[in-house]
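Peer 1: how would this look folded up:
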Amino acid sequence: MPTGLLRSYRPVVSSPHIKSTAVVAALAALDEGRTPERPVLRDAVRALLTALVERAPGRSVEVRVPPYGAVQCIPGPRHTRGTPPNVVETDPQTWLAVATGRLAWSEAVSDGRIRVSGIRADLSGYLPVQPG
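Peer 2: Just a heads-up that it's a prediction; the model follows:
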């Protein structure tokens, strides 16, 4: 096959346009009081996690948004085995709200919608990663 004809084997997943479309679609569904379709919510969560990693590269904090994704970010000492000492965990809807600036980090943590452990687990300086 000529070089100019090579394409990603997963073009829909690889396209940044599709990912930003997923964020917009998920937020629109939430604004309308609906639950976003599972694939849309998954793609939106993953796109925003990827944006966080791009903004705060590193491996000292693990951010978990079950069941859709987990990433390591924030500069500092990295952890390689077992449960990391710096963990952030939340549900998909809260992650979308915090990652797009619709919900303040401090409010989500104080309400218990985001669970944090470790001295590096404060993401407030890196959020929002995309305006909502």
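Peer 1: can you map out the strands along this structure?
Peer 2: 61-65, 69-73, 87-90, 114-117 (DSSP state E).
Peer 1: out of those, deepest packed?
Peer 2: Of these, the one with the most neighbours on average (mean count of other CB atoms under 10 Å) is strand 61-65, at a mean of 24. The way it works is simple: take the backbone N, C-alpha and C, and place the C-beta from them, glycine included.
Peer 1: what angle separates it from strand 69-73?
Peer 2: Inter-element angle recorded for strand 61-65 and strand 69-73: 160 degrees (by axes from the mean of the first three to the mean of the last three CA atoms, to 10 degrees).
Peer 1: hang on, the earlier thing: for the strands of the chain, give me CSV that also has distance to residue 96 and mean pLDDT.
Peer 2: Output for the strands of the chain, formatted as CSV (distance: least, CB to CB, whole Å; pLDDT from 0 to 100):
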stretch, distance to residue 96, mean pLDDT
strand 61-65, 9, 95
strand 69-73, 12, 94
strand 87-90, 10, 97
strand 114-117, 12, 96
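Peer 1: in TSV: these, plus distance to residue 34.
Peer 2: Formatted as TSV, the strands of the chain follow (distance: least, CB to CB, whole Å):
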stretch	distance to residue 34
strand 61-65	19
strand 69-73	22
strand 87-90	20
strand 114-117	23
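Peer 1: elements contacting the helix ranked longest in the chain?
Peer 2: Identified as the longest helix of the chain according to DSSP state H is helix 38-55. In this structure, helix 38-55 packs against helix 16-31, strand 61-65, strand 69-73, helix 92-99, with contacts taken as 3 or more CB pairs under 8 Å, 6 or more residues apart in numbering; DSSP states H and E.
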